[in-house]
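Enquirer: only the shape, not the letters, is given here:
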């Protein structure tokens, strides 16, 4: 039972150890921050959503990328459209709140909101993102 409990507790203990290490050394804990991708119909909608995300302090930084061509299946049919892509840099702990908020204001029936954890990067930049967003 001790072995089973140890194996079950490993992820929790590892996470706690990484947070302690980060607190003492100031180093980045992989996965603490994420990049979310959000597709928008046009430039104005992209700007409005980006500003709303920033106003709610759900991100430290939002890139608005220019038009791209999208191909996808919708209701069984192959569709083609142009879209504007938002790259949203935020705390991983804010992804759920970000997703819920964007779904409430986005005009798409099923908006694309996906995220990937940030494993590593420029330590000074990652620290800036963390300092730009309040803790939960």
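Expert: Cool, got the structure. Every value quoted in this text rests on a predicted model; they were computed, and no experiment measured them.
Enquirer: let me see the ranges of the strands in this structure.
Expert: 33-40, 61-74, 77-91, 113-117 (DSSP state E).
Enquirer: could you chop this protein up by domain?
Expert: What the TED database lists as the domains of the chain is 1-30, 31-132.
Enquirer: which one of those domains is the most hemmed in?
Expert: Among the domains of the chain, ranked by average contacts under mean count of other CB atoms under 10 Å, first place goes to domain 31-132 (a mean of 15). C-beta coordinates here come from the backbone N, C-alpha and C atoms, glycine included.
Enquirer: what residue ranges in this structure score low on pLDDT?
Expert: Within the chain, the segments meeting pLDDT under 70 span 1-26.
Enquirer: swap the cut-off to 80 and go again
Expert: Within the chain, the set of residues satisfying pLDDT under 80 comprises 1-26, 136.
Enquirer: now do the nearest residue to residue 113 once chain neighbours are set aside against residue 54, distance only.
Expert: Spatial nearest neighbour of residue 113, excluding adjacent residues (CB to CB, 6 or more residues apart in numbering): residue 99 at 4.8 Å. Distance check for residue 99 against residue 54: by CB to CB, to the nearest Å, it reads 16 Å.
Enquirer: check residue 93 too.
Expert: 17 Å.
Enquirer: tell me what the closest residue to residue 73 other than its chain neighbours is bridged to.
Expert: With CB to CB, 6+ apart as the criterion, residue 73 has its nearest non-adjacent residue at 7.1 Å, and that residue is residue 79. On the basis of DSSP bridges, residue 79 is bridged to residue 72.
Enquirer: residues in contact with residue 79?
Expert: 70-73 (CB atoms under 8 Å, 6 or more residues apart in numbering).
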